[in-house]
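Trainee: Return a 3D structure for these sequence lines:
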Amino acid sequence: FVNENLSNWYVRLNRKRFWGGSMNEDKLAAYQTLYTCLETVAMLAAPIAPFITDRIFCDLNAASGRHTESSVHLAEYPKCNEALINRELEARTALSQQVSSMVLALRRKVNINVRKPLSKIIIPVLDKEMAARIEAVRALIMNEVNIKDVELITDTTGIITKRIKLNFKHFCQRYAPHAKAMSALIAQFTQEQIAEIEANAETTLDLGGTQVVVTAADFEITSEDMPGWLVASEGKLTVALDITITEELKQEGVARELINRIQNLRKSSGFEVTDKIDVRIFADGQDGEDIAASLENFGGYVAAQTLALSVAAAPYVDVVWTGLVAESAAVAGTLVLHHMEKLELRLCVEDFQQVAQDAESAEKDSPRNVSTDNVSHIICSEKHSDPHPELQRVGDGSERTEIAAPEHVDEEASDKDNTNGYD
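Mentor: Predicted structure coming up:
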């Protein structure tokens, strides 16, 4: 329960509610639900995990004061309140989890990660109850598996092709003498007859004058993939995923990939959650074209998701270093934070104009040329005490480019212009 339902499902899907701005009714309800779950689990698990549950219980009670007991082992063991059980909600949630799991498995089958949006999934519904449950969790499924639409259909003819074969282990428990005849009969089934087996709790079939009552469990029903689609089935549930990626979906996928990379860089670089950044993306060839096209349509989305004041693509430079580096004194405040093939993500933590002025001033006072091995050390001398010997040049490494860099950057000016608090 804690791993699958509470942590991987409830907490993860409600992160936006927890991180909301003001303590409104919706945010309070989310926290109270989580509090109740943690408190109840701590009390239930106390006999088998006495120390950690006592710590959790005491920490929670210190904030709420709901219990007079000083320890979880002194509190009354929780009792089930059946009035709070909502079977329909449980069924809808279980269905959304099953659909999401099946779609994610189909994505993995063709190596399409969840950050790349897809157009839609098709789900054949067997009855109105199933349709109503899926409609209730439609938005949740779409967000969880990153698709644009969920289409429900009642007639799968011409869309999904199903195959049926006998589940001998289950069928032979009751009708072992008729197994061969039943296997031959279902081999001639049409798509409509297979759908009838799935939809009905029981179906009566005639085997040469013998009436045999069967259920869906007596058969193994599978679905075949269609061109441009992947199909999966689990029990009565079938899901077809459209894996055709249009140009618009491709651009949105690139934007999501950039967001993921930038967020990881923010975290690994020690940025605060509220820090504002500028982003420069250096790439060439097809990568550069894809990124430029994506930013043209989704640049605002990338900026909003990463708290970026600006997001821009720039021409790829000839000399690229993995690690912290500056190509010239004018961009000495640029941090190269990620390198993968010919894709560079750079989070600019200082104002470009101010850095250029500082560099020009420093060069006039004490001009010098330094190799790029030393630049990273100079730029972040207050953050890192040692140079980065692991820096490697992209290319044949036949020669080193000498660039100008400032002797130092004024600390007061740096603090004033540095919105991220990064030295």
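Trainee: Might one say that Leu106 is in contact with Thr238?
Mentor: No: contact criterion C-beta atoms under 8 Å: Leu106 and Thr238 do not qualify, at 11.6 Å. For the C-beta atoms, the positions are set from N, CA and C on the backbone; glycine is no exception.
Trainee: Find the residues that touch each one of the two.
Mentor: Common neighbours of Leu106 and Thr238 are listed as Ala232 (criterion: C-beta atoms under 8 Å, 6 or more residues apart in numbering).
Trainee: can you tell me how far Leu307 sits from Thr244?
Mentor: Plainly put, Leu307 is 33 Å away from Thr244 if you go by C-beta to C-beta, to the nearest Å.
Trainee: Which one of these two is surrounded by more residues?
Mentor: Each of Leu307 and Thr244 has its neighbours counted (other C-beta atoms under 10 Å); Leu307 has more, 17 against 11.
Trainee: how close does the closest residue to the more buried one other than its chain neighbours sit to Asn264?
Mentor: Setting aside the residues directly before and after it, Leu307 is nearest to Lys276 in space (C-beta to C-beta, 6 or more residues apart in numbering), at 5.5 Å. The gap separating Lys276 from Asn264 is 18 Å, by C-beta to C-beta.
Trainee: Can you find the helix or strand in the protein with the smallest mean pLDDT?
Mentor: When the helices and strands of the chain are scored by mean pLDDT, DSSP states H and E, helix 372-379 comes last with a mean of 25.
Trainee: All the helices of the stretch 151-300 of the chain, residue numbers only.
Mentor: Applying DSSP state H, counting those that start in this stretch to the stretch 151-300 of the chain gives helices spanning 168-175, 179-186, 191-199, 247-268, 285-306.
Trainee: Lowest average pLDDT across those?
Mentor: Here the lowest mean pLDDT among these goes to helix 191-199, at a mean of 81.
Trainee: how about that one: buried residues?
Mentor: 191, 194-195, 197-199 (16 or more other C-beta atoms under 10 Å).
Trainee: how about those residues in CSV, adding distance to His178?
Mentor: Converted to CSV, the buried residues of helix 191-199 look like this (distance: C-beta to C-beta, whole Å):
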residue, distance to His178
Gln191, 24
Ile194, 19
Ala195, 23
Ile197, 16
Glu198, 21
Ala199, 23
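Trainee: and of those, the nearest to Lys165?
Mentor: Nearest to Lys165 out of the buried residues of helix 191-199 is Ile194 (C-beta to C-beta; 10.7 Å).
Trainee: Confirm for me that the closest one is in contact with Ile221.
Mentor: Yes: using C-beta under 8 Å, Ile194 is in contact with Ile221, at 6.3 Å.
Trainee: Extract the residue ranges of the protein that are flagged as low pLDDT.
Mentor: Along the chain, segments meeting pLDDT under 70 span 20, 157-158, 225, 316-423.
Trainee: one more time with 80, if that's ok
Mentor: Within the chain, the set of residues satisfying pLDDT under 80 comprises 19-22, 126, 155-160, 199, 223-227, 235-236, 273, 282-285, 287, 314-423.
Trainee: could I get the helices of the stretch 151-300 of the chain as CSV with distance to Ile123?
Mentor: Listed next are the helices of the stretch 151-300 of the chain as CSV, based on distance: least, C-beta to C-beta, whole Å:
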stretch, distance to Ile123
helix 168-175, 25
helix 179-186, 24
helix 191-199, 13
helix 247-268, 20
helix 285-306, 28
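Trainee: Nearest approach to Leu84 belongs to which of those helices?
Mentor: helix 191-199 (33.0 Å).
Trainee: Fine by me, thanks again.
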